[in-house]
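Novice: Structure here, sequence nowhere to be found:
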């Protein structure tokens with residue numbers, strides 16, 4: 001099926017931006033010569049003054065400057081995404097591969113674009129600015145906010161320019177294998193840590209695996225560090241990478257919710273797999289990599305078990321068709337039970353790896369500790385991970401990160417089910 005990542009109606013645009021401390025009331029803000037009028041509920045976060053600030057995607061916010069450590073980030077998936085805008089100098093902006101980027105050369109309107117993760121970037125070449133838009137259900141409002149901005153001479157960013165065109169954030173990254181067989185401790189964090197943090201934790205922490213959120217419309221934090229270069233460096237350092245896609249969730253939300261109709265959930269699973277593969281390939285993650293679907297806990301199993309199983313089996317089948325392995329991050333009390341109950345009905349469509357969240361403080365992947373039936377053959381033989389402690393701060397080598405802890409026992413070489421790489425056709 002065609003991906004939702006569409007670039008259309010491309011018109012030129014240019015803005016002249018320069019940092020200014022104006023508008024403490026959060027209504028009018030000047031940045032690099034551009035004056036923006038913000039809705040009253042928007043926050044303004046100066047990242048140069050607060051480098052630990054998290055680029056949250058669930059609060060309407062204007063972020064100014066380069067992202068720092070994002071040490072204040074926590075959480076993984078959000079029920080409601082908000083409109084946000086991040087402005088930073090284009091020179092030195094990270095070559096993000098997880099969201100679409102439009103290169104804008106002229107001085108015209110802000111082009112329309114949508115992304116699988118509900119984020120779009122505009123590389124504004126003439127003024128030398130990168131503008132990253134995040135949105136809830138549709139990008140129209142935040143794009144219009146940017147289009148209504150005025151430059152110092154009072155002109156609007158919208159007349160007589162060369163057309164905008166798609167710009168690849170990373171030009172053909174070399175594929176890397178980042179999932180050697182691994183048994184041991186791992187962690188995941190809302191946003192990819194800085195290289196300084198990754199190097200320090202590699203040397204001083206007990207962790208050898210790291211979960212990183214590569215996209216999805218329920219993702220909670222922006223990923224300014226996440227580039228093909230970041231992935232390559234961690235692979236070279238010996239980290240076992242566990243890429244997570246945060247797609248629709250088992251809750252009622254028009255923006256981030258999973259349909260309760262299993263046939264509709266099946267289609268969502270296909271689209272989630274295609275979005276995840278597009279992000280994985282742009283990040284340089286080789287064919288055969290296990291990609292994990294982050295599906296959060298739910299309590300109403302009568303309503304959600306059928307669409308959850310339909311969604312995750314469709315995710316698995318489509319990933320196999322595209323040449324990747326399928327993993328599922330699920331709660332031990334809900335998603336894991338649903339998959340286990342249906343496992344033998346369609347074992348070929350079950351995720352290759354199960355990553356179970358059960359915060360019982362037991363660093364083990366035994367049947368009892370992850371909540372699977374005693375003596376089961378399901379996901380046996382180095383095909384499990386167990387998130388046994390959630391949402392806490394840990395510090396190694398002087399770097400503090402908010403993490404979840406897991407015990408991992410995975411050998412991609414023993415995963416069942418053939419995969420065959422097929423081209424991903426986009427509209």
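Specialist: Arrived safely. No experiment lies behind these values; they were computed from the predicted model shown. Numbering: from 1, shown residues only.

Novice: State which strand of the chain is the longest.
Specialist: The longest strand of the chain (DSSP state E) is strand 383-396.

Novice: and the residue nearest the centre of the chain, what is it in contact with?
Specialist: For the chain, the residue sitting closest to the mean C-alpha position, by Cα atoms, centre = their mean, is residue 215 at 2.4 Å. Counting by Cβ atoms under 8 Å, 6 or more residues apart in numbering, residue 215 touches 98, 99, 116, 117, 245, 246, 275, 276, 279. (Glycine included, C-beta is placed from N, CA and C.)

Novice: Does it have any beta-bridge partners, and if so which?
Specialist: residue 245 (DSSP bridges).

Novice: how much space between it and residue 124?
Specialist: 23 Å (Cβ to Cβ, to the nearest Å).

Novice: how long is stretch 45-61 from one end to the other?
Specialist: 7 Å (Cα to Cα, to the nearest Å).

Novice: Would you mark the buried spots in it?
Specialist: Using 16 or more other Cβ atoms under 10 Å as the test for burial, stretch 45-61 gives 45, 46, 47, 53, 54, 55, 56, 57, 58, 59, 60, 61.

Novice: wait, isn't the fourth one in contact with residue 47?
Specialist: It refers to residue 53. Yes - contact criterion Cβ atoms under 8 Å: residue 53 and residue 47 qualify, at 5.9 Å.

Novice: So for the two, which residues contact both of them?
Specialist: 63, 68.

Novice: Just the contacts of residue 215: which are in strands?
Specialist: Going by DSSP E, the strands hold residue 245 from the contacts of residue 215.

Novice: So which residues of the stretch 301-427 of the chain form helices?
Specialist: For the stretch 301-427 of the chain, applying DSSP state H, counting those that start in this stretch gives helices covering 301-321, 335-342, 367-370.

Novice: what's the closest of these to residue 39?
Specialist: helix 301-321 (34.1 Å; Cβ to Cβ).

Novice: Quick check: what element follows whichever strand or helix holds residue 269 along the chain?
Specialist: Following DSSP states H and E, one finds residue 269 within helix 262-282. Next helix or strand after helix 262-282 toward the C-terminus (DSSP H and E): strand 290-294.

Novice: Who are the packing partners of that following strand?
Specialist: Contacts defined by 3 or more Cβ pairs under 8 Å, 6 or more residues apart in numbering; DSSP states H and E place strand 290-294 against strand 207-215, strand 240-245, helix 262-282, helix 301-321, strand 325-331, strand 353-357.

Novice: May I see the ones you listed organised as a markdown table, with distance to residue 69 added?
Specialist: As requested, the helices and strands packed on strand 290-294 are arranged in a markdown table below (distance: least, Cβ to Cβ, whole Å):
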| stretch | distance to residue 69 |
| --- | --- |
| strand 207-215 | 15 |
| strand 240-245 | 20 |
| helix 262-282 | 23 |
| helix 301-321 | 32 |
| strand 325-331 | 25 |
| strand 353-357 | 26 |
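
Novice: So which of those is nearest residue 178?
Specialist: Going by Cβ to Cβ, the one of these nearest residue 178 is strand 240-245, 4.0 Å.

Novice: tell me the mean pLDDT over that closest one?
Specialist: With pLDDT averaged residue by residue, strand 240-245 scores 98.

Novice: From the contact counts, what lies against that strand?
Specialist: Strand 240-245 sits against strand 182-188, strand 207-215, helix 228-236, helix 262-282, strand 290-294, strand 399-410, with contacts defined as 3+ Cβ pairs under 8 Å, 6+ apart.

Novice: Which helix or strand in this protein has the lowest average pLDDT?
Specialist: In the chain, the helix or strand scored least confidently by mean pLDDT, DSSP states H and E is strand 6-7, which has a mean of 33.

Novice: shaky segments in the stretch 1-150 of the chain?
Specialist: Scanning the stretch 1-150 of the chain for pLDDT under 70 picks out 1-26, 106-109.

Novice: Can you list the residue ranges for helices in it?
Specialist: All helices of the stretch 1-150 of the chain, identified by DSSP H, counting those that start in this stretch, fall at 140-147.

Novice: For the closest residue to residue 408 other than its chain neighbours, give me its contacts.
Specialist: Spatial nearest neighbour of residue 408, excluding adjacent residues (Cβ to Cβ, 6 or more residues apart in numbering): residue 385 at 4.4 Å. Applying Cβ under 8 Å, 6+ apart, we find residue 385 in contact with 186, 242, 353, 354, 355, 356, 365, 406, 407, 408, 409, 410.

Novice: Name the nearest residue to the first one, sequence neighbours excluded.
Specialist: What that stands for is residue 186. Using Cβ to Cβ, 6+ apart and skipping residues adjacent in sequence, the residue nearest residue 186 is residue 209, 3.1 Å away.

Novice: Quick one: residues contacting the one you found.
Specialist: Per Cβ under 8 Å, 6+ apart, neighbours of residue 209: 182, 184, 185, 186, 187, 239, 240, 241, 242, 406, 408.

Novice: Roughly how far does the nearest residue to the first one once chain neighbours are set aside sit from residue 59?
Specialist: Read it as residue 182. Excluding the flanking residues, the one nearest residue 182 by Cβ to Cβ, 6+ apart is residue 240, at 4.1 Å. Relative to residue 59, residue 240 is positioned 33 Å away (Cβ to Cβ).
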